[in-house]
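[1] Sharing a model that was predicted from the sequence below.
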Amino acid sequence: MNFIEKLWQDLFGTPENPQKITHKEILVRNNYEKNLFEKWKKSEERPQLLGNIAQTYFLQSKDLKTTFEMHLLTSTGAEGWALMAENKLKEEEIVCLMEDFKEKLLNTKNYYIQNAERNWVEKENWVEINERYYLKPDIHAQAKEAQICNQQYGNILIEYQKIDRKPMYLKVIASFYNDSMFTNVLPFKDLSDYLFRI
């Protein structure tokens, strides 16, 4: 296995390599994190950080040099990116980005949280902590009426990973259905542009 394949496996996992979860809980932000996010939304740091990530996404899609390291995922049923922390992103910034992305999808795109979790995975010599929001488009009424369901951008995973409390990456993946019961998925680029919007 070469370096890229190992990095890919570490970022996106494989069905053959299940992880042993040693602790799992519902992801609920504490008061400090909530206050931090509210201050961050009004700060000058927010537009600067979102602008830098948007530029990174654009340049990475053109295979050009970027501010941050970002890996793109494209497959038949999913698209996404993983933004590497590399000592360029602090934990507080990643938490704020997660909350910002989640809030945008909940408030204006008719998504709901299917799952919010934090889990600890014990590895050989370290502890891996993952925080995840899994959001789905609200299609309940359409499904009840046997209508074609508007899947929008598909099901969206927002995940933050740290190892021994050191931030590793922030990942966003949209998985979608290629099925006559669902509308065609909207372009992932549009989702990313929306999430990076100020």
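    Looks like it came in fine.
[2] is it fair to say residue 103 lies in a strand?
    No: counting by DSSP: H, G, I helix; E, B strand; the rest coil, one finds residue 103 to be helix, located in no strand.
[3] quick thing: my sequence starts at 95, can you match it?
    Done: numbering now begins at 95, and the last item shifts to residue 197.
[4] what are the ranges of the strands in this protein?
    115-120, 164-168, 172-178, 205-216, 221-231, 249-257, 260-269 (DSSP state E).
[5] okay if I get the ones you listed as JSON lines plus mean pLDDT?
    Shown next, in JSON lines, are the strands of the chain (pLDDT from 0 to 100):
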{"stretch": "strand 115-120", "mean pLDDT": "86"}
{"stretch": "strand 164-168", "mean pLDDT": "92"}
{"stretch": "strand 172-178", "mean pLDDT": "96"}
{"stretch": "strand 205-216", "mean pLDDT": "93"}
{"stretch": "strand 221-231", "mean pLDDT": "95"}
{"stretch": "strand 249-257", "mean pLDDT": "96"}
{"stretch": "strand 260-269", "mean pLDDT": "96"}
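[6] could those strands be laid out in a markdown table, adding distance to residue 286 and mean neighbour count?
    (Each C-beta comes from the backbone N, C-alpha and C, glycine too.) A markdown table is the format used below for the strands of the chain (distance: least, Cβ to Cβ, whole Å; neighbours: other Cβ atoms under 10 Å):
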| stretch | distance to residue 286 | mean neighbour count |
| --- | --- | --- |
| strand 115-120 | 27 | 11 |
| strand 164-168 | 10 | 15 |
| strand 172-178 | 7 | 21 |
| strand 205-216 | 15 | 14 |
| strand 221-231 | 15 | 19 |
| strand 249-257 | 11 | 20 |
| strand 260-269 | 7 | 21 |
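[7] would a markdown table of those with distance to residue 187 be doable?
    Output for those, formatted as a markdown table (distance: least, Cβ to Cβ, whole Å):
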| stretch | distance to residue 187 |
| --- | --- |
| strand 115-120 | 23 |
| strand 164-168 | 15 |
| strand 172-178 | 11 |
| strand 205-216 | 18 |
| strand 221-231 | 14 |
| strand 249-257 | 10 |
| strand 260-269 | 9 |
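[8] for these, which one sits closest to residue 291?
    Minimum separation from residue 291 across those (Cβ to Cβ) falls at strand 260-269, 13.9 Å.
[9] distance of the closest residue to residue 119 other than its chain neighbours from residue 274?
    Of all residues not flanking residue 119 in the chain, residue 212 sits nearest, at 5.4 Å (Cβ to Cβ, 6 or more residues apart in numbering). Applying Cβ to Cβ, to the nearest Å, the value for residue 212 to residue 274 is 37 Å.
[10] Repeat that for residue 260.
    In terms of Cβ to Cβ, residue 260 sits 45 Å off from residue 274.
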